[in-house]
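Trainee: Need coordinates for the following:
(6 chains)
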6 protein chains.
Amino acid sequence: MRPNNRNLNQLRAVTITTDFTKHAEGSVLITIGDTKVICNASVEERVPPFMRGQGKGWITAEYAMLPRATEQRNIRESSKGKVSGRTMEIQRLIGRALRAVVDLDQLGERTIWIDCDVIQADGGTRTASITGAFVAMVLALGKLVDRKQLKTIPITDYLAAISVGIMPNGDAVLDLEYLEDSQANVDMNIVMTGAREFVEIQGTGEEATFNASQLQQMLELAEQGMTDLFGYQKQALGTYADLISEREA
Amino acid sequence: MRPNNRNLNQLRAVTITTDFTKHAEGSVLITIGDTKVICNASVEERVPPFMRGQGKGWITAEYAMLPRATEQRNIRESSKGKVSGRTMEIQRLIGRALRAVVDLDQLGERTIWIDCDVIQADGGTRTASITGAFVAMVLALGKLVDRKQLKTIPITDYLAAISVGIMPNGDAVLDLEYLEDSQANVDMNIVMTGAREFVEIQGTGEEATFNASQLQQMLELAEQGMTDLFGYQKQALGTYADLISEREA
Amino acid sequence: MRPNNRNLNQLRAVTITTDFTKHAEGSVLITIGDTKVICNASVEERVPPFMRGQGKGWITAEYAMLPRATEQRNIRESSKGKVSGRTMEIQRLIGRALRAVVDLDQLGERTIWIDCDVIQADGGTRTASITGAFVAMVLALGKLVDRKQLKTIPITDYLAAISVGIMPNGDAVLDLEYLEDSQANVDMNIVMTGAREFVEIQGTGEEATFNASQLQQMLELAEQGMTDLFGYQKQALGTYADLISEREA
Amino acid sequence: MRPNNRNLNQLRAVTITTDFTKHAEGSVLITIGDTKVICNASVEERVPPFMRGQGKGWITAEYAMLPRATEQRNIRESSKGKVSGRTMEIQRLIGRALRAVVDLDQLGERTIWIDCDVIQADGGTRTASITGAFVAMVLALGKLVDRKQLKTIPITDYLAAISVGIMPNGDAVLDLEYLEDSQANVDMNIVMTGAREFVEIQGTGEEATFNASQLQQMLELAEQGMTDLFGYQKQALGTYADLISEREA
Amino acid sequence: MRPNNRNLNQLRAVTITTDFTKHAEGSVLITIGDTKVICNASVEERVPPFMRGQGKGWITAEYAMLPRATEQRNIRESSKGKVSGRTMEIQRLIGRALRAVVDLDQLGERTIWIDCDVIQADGGTRTASITGAFVAMVLALGKLVDRKQLKTIPITDYLAAISVGIMPNGDAVLDLEYLEDSQANVDMNIVMTGAREFVEIQGTGEEATFNASQLQQMLELAEQGMTDLFGYQKQALGTYADLISEREA
Amino acid sequence: MRPNNRNLNQLRAVTITTDFTKHAEGSVLITIGDTKVICNASVEERVPPFMRGQGKGWITAEYAMLPRATEQRNIRESSKGKVSGRTMEIQRLIGRALRAVVDLDQLGERTIWIDCDVIQADGGTRTASITGAFVAMVLALGKLVDRKQLKTIPITDYLAAISVGIMPNGDAVLDLEYLEDSQANVDMNIVMTGAREFVEIQGTGEEATFNASQLQQMLELAEQGMTDLFGYQKQALGTYADLISEREA
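Mentor: Down below sits the predicted model:
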């Protein structure tokens, strides 16, 4: 039995609150079960040095956890004076994933900064970050359209992410909470588009391995979860949802 | 006229939400107008090296802002690899202020870590942090009493903080929001106990000065604000409020 | 046509030179086409603090490039004073992958430090590092057996890694060199065991996506490449090859 | 009785030596009792990036202690690779205080760098730094007048600083030396102008509090000390003293 | 008797392999006994800020050891986040030495970056680095001549370096290997030009001293070693050797 | 003609003021011409980790310049967050030099920290630091004898340092001031003992070289300078001078 009696292919409760803070162009609080992430999207009217003069935009992401987002308090990365490998890995992933559905040429020489700050962690913080950040980013881009700085929202498709895994008893499960995550043999994060194409697959079996059939089960679970996630995103986007097109699966 | 038609001696709306996140021993969201700070108190069963073997406890604080807590996005201090002077100044202030009302001997060799994370800033973030952190700290200490790790809550009095200032027109005002703060000639932060004694006074007139009479007006405004703040704190503490004594003013 | 007229499923030339440097317990130079990596394995008779007292060993990896391993000179990370996100991601991957085939209990409270230093880069440096590091690690463990510090080599299976990808023309290809890597729509790194089970799958389509059928093609190519890689590893290990068992595919 | 039989309202011996080092535009050694601080003012013909193009100048300060300025040797901040919170707090205070009496428009796009290096510490190093730095700054500005780079010294008033405190026996005292400082219940630093207006009040009662009457006593002591300090500054400034006007109290 | 039966004035075996890696404009592997250093020279078409606009070039060097170049594994400097004093000292020495034989005016506004990476250490890594780096630098400059970016190789003389020392038995010895180096009373590194003039002498007797006569013996040994080193360099340079002139001794 | 009409073999005016600051066990201000360095020696009753348990002591040195010790203000190394290569080189030299005349066994498990802080620079700061630090160190050791913590001062000989050089006109000169130093073809620093033996020779000819005859002239000048320096040191040491023996030249 899974914690909270969830089915193997069942997501935890998802809420996406928009306009969570007032300054960011796009601001979202996403909760997936007890995982809570503030996703803010900020517009900067220039691009990083390596992109200048190409007429293209850029999407970059940063990720952090509040020190007491977790069971044990973690040392603040600003106090340590450096960002951990785990944080770097996650923020690179978020940025890369989002860029896959943005038309950077259409965006123009602008940067969208995505800040994902985990205020409470219970597994799946990086996938929740991507799912919430997509909404925050669209809201920020929508604001540029409202202000006539862009003609259309330069998004080519929906994008969401979810975790899947293999439990010690062999079950493939969707959306692992922390208790499951810490016991799973295999942990896989999958980022997909509305068209159900893969943007990123990251599967790892620390001190365990997995075979092609298990991989297949996990991919199918992930695809099932996506349908719900895209639904929550559309609902949160409200009228902006009509301005972006979900490519057909 | 002040923004939002406030009187010179009027606080903004204050809310203190307890149990805001689930892992911290004490967790509070304090909002003062549009300023919103998560204050988490974590218990660690040891003290820093310089305190070891004295049988006394320690209170230490860290403060940060989410990058987009402000009008303009700030660079994350973990990315810069160092904590700014402003942040250091504030976190030293918070820790020092809280220690003034804790009986460290009675606390025993434990550290209470206070994390104040500003998720939305509109002036007065350091004073809101102190006011909220006091509640989070009492909740964490109350949990130690509940778990029989402490006999009583080792708090000697209530503690809150507020800003006051002198506006260009000469008005002394209570609880400056950002718009006022950025125009004020004088900015002063005051930390007081339930007994209406001072714990900390920090007043500064950058590119301006103030005289003894203006100082007096600001101190009086601050004392008026304290009454309301202690009321909000008591309400938030619920049954724990009975376990700590407010010294008579 | 691929550069150098390679077939879609053809590895570049692979050589694994053992005892490349004299101080390391296991030292290997692996070359895959023009990619050249020194993989040194060092034995330390203790484990990091978080592992102490559990009677288990640890495998950890570091990865770096010489500044002029690449077409353009890169700034040395020691001069920058910090390790890049890319480097962190790669060294975490190498360590995690190797740990999947080591019996850490049998290893005892020892750390094997893996140092992968790229002296010339032409694509696939992280997968070459894993493939070479496996050999260096077995050589170091073999030395512990020779010195009677271990009874057997605590390795549960062979381990190698290779890159696969989807080119702009839709071709799925094995073992991308730099020229291909910089043009590919999808880039995937796969780590497998001798039993042909997955240890790690990392696939990413920056500014592109891939579907289930393309994923399948890439996984098959990777599995074909593994057979050759395990062969090169066995040859390099010489008599030590007999001391470890390849699990049946 | 105070150490050295000082009266409660008596300063320690003060000396201000000008032209202490030869390269700085303004160079002062200030000694207050056994506290000795070198204050150098350097002129730079540009302002920091955030000030450019406004036609205004800037004053910035740095503060440090020699490692053995104190009873116990302190680790050098350059060796630790970061500046402590205490240092940051002090150097921000020095810069802010000095800017209060400089007409930055009249200064033009120049930066005055103030370096306060404590060579011997015996309490009151930050207030001695401000008092000495004022003299060094005026000397540097006077040199700009001598060189015809400025028409007048753009100073609006004198500025000095002193510490006051409350001892465990309840006495309010002026100018605490280290022995007193380490025992005092309340420690307050006050920066005032020649017109006896406040520029900065920083009072703190760590593990103690103070009431309005005690605050009043401390403010009066500080004002008494100022008269002497302005006298020492005038004497040190020599003919430059005539070029700046002390506003009437 | 010296290790390996070397005479007091005998160098270890020397090899200089050119074109060791493919990307660098000049790439050399130098081995002196068991000391092995990769020396890469990279051309950058600009100079550092402090040199701009003077029409002159610059030579700068970086030095590092692979973590397991030594008997005991060293912590990687990129992981420590800073470069050690020893490394800084060596890389400053290498750059300074090479600049002594380059006509920087003739080089024009270009930087030659020298990267010396020790892959195996057995004493004399800094002198081997200089000797190898000279060859790598000439090869890089030769490539600029081949590409018609320079008319001639702007080198004024040959340059090599060697270590000498005084052993506990009083013997002066040439080219100390690690075993000797760790026992020697005096350790001296000497950089000379083809004309047998000194560019750098660095002699140190930690916990020992040396007199004028011993100094004389060491200088003579060094000069003897130079003849061989210049020979190896000429051989390695091949046809480029004719493009640079060795000044007569 | 040299600046100030000095002879080629003439030192600048030298003063050594003892007890310059009050906290350090040994405190000296040394001035050589316009170069002024505070040299403090501090005793710590333990040794660094790598020395523990050997019953031997350690001498370590740190060196810094005040930001405005020089003609142009330098950025403070604590603000930059790292120590420059030049600083590291100098502080390693000072420590190494002093250790050559200390009997570390006799010192016992103690560290003498030497802090050399240049308050005004005019050439020769590193040699002035060594000469002054020797006196500060002996004073600190003398204090240990006075306190009966040591039986005798564990010093085996006097130690001083001086610079010599070759000017563009070919003159060999003693004790270069900044103006000369910045023009010299060759710059050499020599550390010698009372017995006139070498402890350290560091000679460098950036963009110039020197021959054996010039080396000889410089060594002779340095030896002449030593006689005066040892005289100033003895005078400064007063009665402690009798407790240490100068070995005969």
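Trainee: so where do the strands sit in chain A?
Mentor: Secondary structure of chain A (DSSP state E): strands at A:14-18, A:26-32, A:35-44, A:58-65, A:111-120, A:159-166, A:172-174, A:186-193, A:198-204.
Trainee: can you tell me which of these comes nearest to B:G194?
Mentor: Comparison of the strands of chain A against B:G194 by Cβ to Cβ identifies strand A:111-120 as nearest, at 30.4 Å. For glycine as for every other residue, the C-beta is placed from the backbone atoms N, C-alpha and C.
Trainee: how far does that closest one sit from the chain's center?
Mentor: 10 Å (Cα atoms, centre = their mean, to the nearest Å).
Trainee: So which elements touch that strand?
Mentor: Helices and strands touching strand A:111-120, by 3 or more Cβ pairs under 8 Å, 6 or more residues apart in numbering or on different chains; DSSP states H and E, are strand A:35-44, strand A:58-65, helix A:85-99, helix A:125-146, strand B:111-120.
Trainee: give me that answer again for 10 Å
Mentor: strand A:26-32, strand A:35-44, strand A:58-65, helix A:85-99, helix A:125-146, strand B:26-32, strand B:35-44, strand B:111-120 (3 or more Cβ pairs under 10 Å, 6 or more residues apart in numbering or on different chains; DSSP states H and E).
Trainee: Of the ones you listed, which is nearest F:K143?
Mentor: Among these, strand B:111-120 sits nearest to F:K143 (Cβ to Cβ), with 38.6 Å.
Trainee: pLDDT (mean, whole number) over the closest one?
Mentor: Averaging pLDDT along strand B:111-120 gives 98.
Trainee: Walk me through which strands it pairs with, and which way each runs.
Mentor: strand B:35-44 (antiparallel), strand B:58-65 (parallel) (DSSP bridges).
Trainee: What residues sit buried inside the last one?
Mentor: In this case it means strand B:58-65. Residues of strand B:58-65 classed as buried: B:58-65 (neighbour count, 16 or more other Cβ atoms under 10 Å in any protein chain shown).
Trainee: Same check on stretch A:75-93?
Mentor: Applying 16+ other Cβ under 10 Å to stretch A:75-93 flags A:76-78, A:81-83, A:85, A:87-93 as buried.
Trainee: if you look at stretch A:219-237, does any of it touch chain C?
Mentor: Yes - using Cβ under 10 Å from any Cβ of the partner chain, a contact is recorded between stretch A:219-237 and chain C, made by A:219-220, A:223.
Trainee: then that stretch to PDB, C-alphas only?
Mentor: The C-alpha trace of stretch A:219-237 is given here as PDB (Å, rounded to 0.1, in the frame of the first residue of the first chain):
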ATOM      1  CA  LEU A 219       7.400   6.000 -19.000                       C
ATOM      2  CA  GLU A 220       3.700   5.000 -19.300                       C
ATOM      3  CA  LEU A 221       3.000   6.200 -15.800                       C
ATOM      4  CA  ALA A 222       4.600   9.500 -16.400                       C
ATOM      5  CA  GLU A 223       2.500  10.000 -19.500                       C
ATOM      6  CA  GLN A 224      -0.700   9.300 -17.500                       C
ATOM      7  CA  GLY A 225       0.400  11.900 -14.900                       C
ATOM      8  CA  MET A 226       1.000  14.500 -17.600                       C
ATOM      9  CA  THR A 227      -2.700  14.700 -18.600                       C
ATOM     10  CA  ASP A 228      -3.700  15.800 -15.100                       C
ATOM     11  CA  LEU A 229      -0.800  18.200 -14.800                       C
ATOM     12  CA  PHE A 230      -1.600  19.900 -18.100                       C
ATOM     13  CA  GLY A 231      -5.200  20.300 -16.900                       C
ATOM     14  CA  TYR A 232      -4.100  22.000 -13.700                       C
ATOM     15  CA  GLN A 233      -1.800  24.300 -15.700                       C
ATOM     16  CA  LYS A 234      -4.600  25.300 -18.100                       C
ATOM     17  CA  GLN A 235      -7.000  26.100 -15.200                       C
ATOM     18  CA  ALA A 236      -4.400  28.200 -13.500                       C
ATOM     19  CA  LEU A 237      -3.600  30.100 -16.700                       C
END
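Trainee: ok now that stretch, how far from the chain's centre?
Mentor: Remark: stretch A:219-237 is offset 12 Å from the chain centroid, using Cα atoms, centre = their mean.
Trainee: ok, now stretch A:85-105?
Mentor: 9 Å.
Trainee: got it, and stretch A:214-229?
Mentor: Per Cα atoms, centre = their mean, the centroid offset for stretch A:214-229 relative to its chain is 16 Å.
Trainee: same question for that stretch, mean pLDDT?
Mentor: The model assigns stretch A:214-229 a mean pLDDT of 97.
Trainee: and among the strands of chain A, the most buried is which?
Mentor: For the strands of chain A, the largest average neighbour count (mean count of other Cβ atoms under 10 Å in any protein chain shown) is found in strand A:159-166, namely a mean of 28.
Trainee: Name the helix or strand of chain A that has the lowest mean pLDDT.
Mentor: helix A:77-80 (a mean of 89; mean pLDDT, DSSP states H and E).
Trainee: Does that helix reach chain B?
Mentor: Yes - with Cβ under 10 Å from any Cβ as the criterion, chain B is reached by helix A:77-80 at A:77-80.
Trainee: Any chance you could list what contacts that helix?
Mentor: A:64-65, A:67, A:74, A:83-84, A:87, B:62, B:64, B:76-84, B:87, B:91 (Cβ atoms under 10 Å, 6 or more residues apart in numbering or on different chains).
Trainee: tell me the contacts of the residue nearest the centre of chain A?
Mentor: The centroid of chain A falls nearest to A:I130 when counting by Cα atoms, centre = their mean (0.9 Å). Residues counted as contacts of A:I130 (Cβ under 10 Å, 6+ apart) are A:30, A:37, A:39, A:61, A:63, A:90, A:93-98, A:114, A:116, A:159-162, A:189, A:191, A:199-200, A:229.
Trainee: repeat for A:E197
Mentor: Contacts for A:E197 (Cβ under 10 Å, 6+ apart) come out as A:100, A:157, A:191, A:247, A:249, C:205, C:208-212, C:214-215.
Trainee: And the pLDDT at it?
Mentor: Model confidence at A:E197 (pLDDT) stands at 96.
Trainee: for the one 4 residues further on, same thing?
Mentor: Listed pLDDT for A:I201 reads 98.
Trainee: My guess is it contacts C:G203. True?
Mentor: Yes - A:I201 is in contact with C:G203 according to Cβ atoms under 10 Å; the separation is 4.5 Å.
Trainee: Overlap of the contact sets of these two?
Mentor: What both A:I201 and C:G203 touch, as defined by Cβ under 10 Å, 6+ apart, is the set A:190, C:188, C:210, C:215.
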